[in-house]
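J.: predicted coordinates and the sequence they were generated for:
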2 protein chains.
Amino acid sequence: MSAAKKVGKQTIAFANPPVIIGRATAVGPKEGKGPLKDYYDVIAEDNYFYNTTWEKAERKFFQTAVRLAIEKANLRPSDIDYFLAGDLLNQIISATYTARDFNIPYLGLYGACSTMYEALALGAMLIDGGFADYVLAGVSSHYSTAERQFRFPTEQGVQRTPSSQWTVTGAAAIVLASQGQGPRVTHATIGKIVDLGVADETDMCSAMAPAAFDTIRQHLEDTGRDPSYYDLIITGDLARIGHRLVQALAQKHGLDLSRNYTDCGLLVYDISQDVHAGASGCACSGVVTAGFLLQEMQAGRYRRILGLGTGALHSPIATQQGETVPGIAHAVAIEM
Amino acid sequence: MSAAKKVGKQTIAFANPPVIIGRATAVGPKEGKGPLKDYYDVIAEDNYFYNTTWEKAERKFFQTAVRLAIEKANLRPSDIDYFLAGDLLNQIISATYTARDFNIPYLGLYGACSTMYEALALGAMLIDGGFADYVLAGVSSHYSTAERQFRFPTEQGVQRTPSSQWTVTGAAAIVLASQGQGPRVTHATIGKIVDLGVADETDMCSAMAPAAFDTIRQHLEDTGRDPSYYDLIITGDLARIGHRLVQALAQKHGLDLSRNYTDCGLLVYDISQDVHAGASGCACSGVVTAGFLLQEMQAGRYRRILGLGTGALHSPIATQQGETVPGIAHAVAIEM
């Protein structure tokens, strides 16, 4: 193994950092009324998006984001070497049926809400390793498909707990390339499972926060960087509770995350939109990254970002059988 | 991109082919009475494997295979750079809770029954690309967890159709390394989704066969090899019906697969074991590869094998909403 590529215990420093040459997002109406509304490519008028079921609608968001990202990269689907994708639904059907439409060699991933960053990290390795010129990373989620799969039928109107989050309806796609102009994926830190025993299915924030902090800490240790190296450190969907937990853990470990750390789950909705702790879902870090973050990097607002996808890797049947919620977080450094 | 690595449209030829230095299997009692019984490391006395639920038992098989594979490679879990794993259960809980026990950076995959070969292909890329010294690939499946998730409660005693397959109860783990002695992963061909419109959830054989043939054909075209180059071409879990379909497709395309082609789904059970079309599940190609195939390669019976993981990437909700079953197949060439 080339010693130059692996840095410390869990981090890769890419020899030829892959470039982000295309990106697109498609979101639902609630997201389209949120603070980031001007950053999305497509905002659907309703959650069905011209379809008859929510599952089919989720696929339509995914297909829309993929088609646009490929177009914006000035490529055709046949130019893409691999499609790395996943979503929250059982058997990742949103990703798979989207892959069917584009006829690109397909590698299905499951990292729950960490999937976009799992795909970016793996995609960057496939390009830097010389196995691909172009990799497409994509994710989707949908409030109504996730609610009925993980929690309760939406029609039931169950009261939401203060720690509950609102699953982002939408999809994001990012094209990585071996060459070109744009933000570059310079490092990836692959996370381990961290499970501190949270068994409350309505509090994913607390379940994921220790994993997020573990990966941030490991990334900084591996690279020898101080948190201040980054203009922004941003986690995927820890929302209000998890964001505070990460800051508390950082303080305890002597790391200052008070100035440049935020969470995608805090940015998608306005406090008036009644989403309790904040946003979640594969599309949460997906649309914030492919929409807001990369656009602001290209506009010069941020030069160095450490983004983390955060996932709660339980299932209803696992928690029904007494299991706790395993968390994971994968980090990717994106630099201009 | 190094021109030497990508061969043709969908195939990678590894510059420094990763070596398989450890492998292990753990299976249930029915598998332990089958024709390959002497190739398994652990045979459980019952399908609960000292646990209280089938889901927990599936995890126990997974943990057992992983622990043994690492031991047989003379490594510790902390030596492994990445654990690439998946299974059939919603949110791949068998893989995730196994990953929690071993504290290895974890990348969750979902390729249905193709997952072992997806993991081997990606794992080989991560090693050959210089990102890892050791990668652990693992999968599991369990007859009773799969039946109740995908089909009917086992207690219901629904009559099985002639095309139905029996999900293998067990798990397999394989350790890939950048150096060492043993069979080597020389090529990987990543498949595309192929969906010819099969909508019968009890006939996965027919849904997956066209994808399997597509990847075999593409691999042979990309490498310029004739089927006779391989001592054995073996698909994952097409069973009796799919195996015949692949042979028919090959004949139509002028490829001779009559002499050296078989399917893992034909090998796990004896005809007297009442499994209808044959075996299936992530563990089908998993235990046949990690048990029988690699042992026979090391014994000198086979020198060159083309193995394919085959996956049916539907979900119950997708087929209930009128969707057909998308198939996929990933091929890996293993040579002594």
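T.: Cool, the structure landed.

J.: in stretch A:115-135, which residues are buried?
T.: Neighbour-count burial for stretch A:115-135 flags A:115-135 (criterion: 16 or more other CB atoms under 10 Å in any protein chain shown). In this view, the C-beta of every residue, glycine as well, is placed from N, C-alpha and C.

J.: same question, stretch A:292-311
T.: Quick answer for stretch A:292-311 (16+ other CB under 10 Å): A:292-295, A:297, A:302, A:304-311.

J.: now stretch A:277-293: mean pLDDT?
T.: For stretch A:277-293, mean pLDDT is 97.

J.: oh, that last question was meant for stretch A:6-14, not what I typed.
T.: Stretch A:6-14 carries an average pLDDT of 96.

J.: can you tell me what sits against it?
T.: A:4-5, A:121, A:124-125, A:128, A:184-192, A:215, A:218-219, A:221-223, B:81, B:105, B:130-132 (CB atoms under 8 Å, 6 or more residues apart in numbering or on different chains).

J.: if we use 6 Å, what do you get?
T.: Identification of contacts with stretch A:6-14 by CB atoms under 6 Å, 6 or more residues apart in numbering or on different chains yields A:5, A:124, A:128, A:186-190, A:218-219, A:222-223, B:105, B:131.

J.: for those residues, work out which two are farthest apart.
T.: The span of those, defined through CB to CB, is set by A:Asp128 and A:Gln218 at 19.9 Å.

J.: got the residues of the stretch 1-150 of chain A near chain B?
T.: A:1-2, A:5, A:10, A:12, A:53, A:90-93, A:96, A:99-100, A:103, A:105-106, A:108, A:110-111, A:125, A:129-131, A:133 (CB under 6 Å from any CB of the partner chain).

J.: taking the residues you listed one by one, which sit in strands?
T.: Under the assignment DSSP state E, the residues of the stretch 1-150 of chain A next to chain B contribute A:Ile12, A:Tyr106, A:Gly108 to strands.

J.: tell me which residue is most central in chain A.
T.: A:Ser285 (3.5 Å; CA atoms, centre = their mean).

J.: what helix or strand is it on?
T.: helix A:282-287 (DSSP states H and E).

J.: is that helix anywhere near chain B?
T.: No: using CB under 6 Å from any CB, helix A:282-287 never reaches chain B; the gap is at least 12.2 Å.

J.: what does that helix contact?
T.: A:25, A:27, A:87-88, A:113, A:115-116, A:139-141, A:168, A:170-172, A:236-237, A:264-265, A:309.

J.: would you verify that A:Gly22 is located in a helix?
T.: No: assessed with DSSP: H, G, I helix; E, B strand; the rest coil, A:Gly22 is strand; it does not lie in a helix.

J.: any idea of the pLDDT on the closest residue to chain B within the stretch 101-250 of chain A?
T.: Using CB to the nearest CB, the single residue of the stretch 101-250 of chain A nearest to chain B is A:Gly129, 2.3 Å away. With respect to pLDDT, A:Gly129 scores 96.

J.: wait, it touches B:Gly129, no?
T.: Yes: between A:Gly129 and B:Gly129 there is a contact under CB atoms under 6 Å: 2.3 Å.

J.: all strands of the stretch 101-250 of chain A, in order?
T.: Using DSSP state E, counting those that start in this stretch, the strands of the stretch 101-250 of chain A run over A:106-108, A:134-141, A:165-167, A:170-177, A:184-189, A:232-235.

J.: now render those strands as a markdown table, adding mean pLDDT.
T.: Conversion of those to a markdown table gives the following (pLDDT from 0 to 100):
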| stretch | mean pLDDT |
| --- | --- |
| strand A:106-108 | 98 |
| strand A:134-141 | 98 |
| strand A:165-167 | 95 |
| strand A:170-177 | 98 |
| strand A:184-189 | 98 |
| strand A:232-235 | 98 |
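
J.: for A:Asp274, find the nearest of those.
T.: Closest among the strands of the stretch 101-250 of chain A, using CB to CB: strand A:165-167, at 8.3 Å.

J.: if we can go back for a sec, residues contacting the residue of the stretch 101-250 of chain A closest to chain B?
T.: Neighbours of A:Gly129 in contact, by CB under 6 Å, 6+ apart: B:Met125, B:Gly129.

J.: same thing but 10 Å
T.: Shown in contact with A:Gly129 (CB atoms under 10 Å, 6 or more residues apart in numbering or on different chains): A:5, A:12, A:14-16, B:1-2, B:5, B:12, B:15, B:125-131.

J.: look up phi and psi at it.
T.: Backbone torsions of A:Gly129, given as degrees, to the nearest 10, read phi -80, psi -10.

J.: likewise for the one 4 residues further on?
T.: Here is the backbone geometry of A:Asp133 (degrees, to the nearest 10): phi -90, psi -40.

J.: what distance do you get for it to A:Val19?
T.: 11 Å (CB to CB, to the nearest Å).

J.: what residues are shared contacts of those two?
T.: With CB under 10 Å, 6+ apart, A:Asp133 and A:Val19 have common neighbours A:Ile127, A:Leu176, A:Ala177, A:Ser178, A:Gln179.

J.: pretty sure the last one sits against A:Ile21.
T.: Yes: checked against CB atoms under 10 Å, the pair A:Gln179 and A:Ile21 is within contact range at 8.6 Å.

J.: overlap of the contact sets of these two?
T.: A:Tyr134.

J.: how many neighbours does A:Asn16 have?
T.: 14 (other CB atoms under 10 Å in any protein chain shown).

J.: SS state for it?
T.: Assignment for A:Asn16 (three-state DSSP): coil.

J.: find the nearest non-adjacent residue to it, please.
T.: A:Asp128 (5.7 Å; CB to CB, 6 or more residues apart in numbering or on different chains).

J.: for that neighbour, list the residues it contacts.
T.: Contacts for A:Asp128 were tallied using CB under 10 Å, 6+ apart; they are A:5, A:12-18, A:176, A:178, A:185, A:188, B:1, B:129-131.

J.: most neighbours of all those residues, which one?
T.: Neighbour-wise, the contacts of A:Asp128 (other CB under 10 Å) top out at A:Leu176, 33 neighbours.

J.: touching, that residue and A:Gly138? I think so.
T.: No: A:Leu176 sits out of contact with A:Gly138 when judged by CB under 10 Å, with a separation of 11.4 Å.

J.: and for those two, which residues touch both?
T.: Counting by CB under 10 Å, 6+ apart, the contacts common to A:Leu176 and A:Gly138 are A:Leu84, A:Ala119.

J.: roughly how far does the residue nearest to A:Asn16 sit from B:Phe131?
T.: 8 Å.

J.: out of the strands of the stretch 101-250 of chain A, flag the one nearest B:Lys33.
T.: Across the strands of the stretch 101-250 of chain A, closest to B:Lys33 is strand A:106-108 (CB to CB), at 32.9 Å.

J.: how far out from the middle of the chain is that closest one?
T.: Computed by CA atoms, centre = their mean, to the nearest Å, the separation of strand A:106-108 from the middle of its chain amounts to 17 Å.

J.: in its sheet, what does that strand sit against?
T.: Here strand A:106-108 is paired, per DSSP bridges, with strand A:82-87 (parallel).

J.: got the buried residues for the strand it pairs with?
T.: Buried, per 16+ other CB under 10 Å, within strand A:82-87: A:Tyr82, A:Phe83, A:Leu84, A:Ala85, A:Gly86, A:Asp87.

J.: could you do stretch A:45-65 as well?
T.: Those would be A:47, A:49, A:51, A:53-65, for stretch A:45-65 by 16+ other CB under 10 Å.
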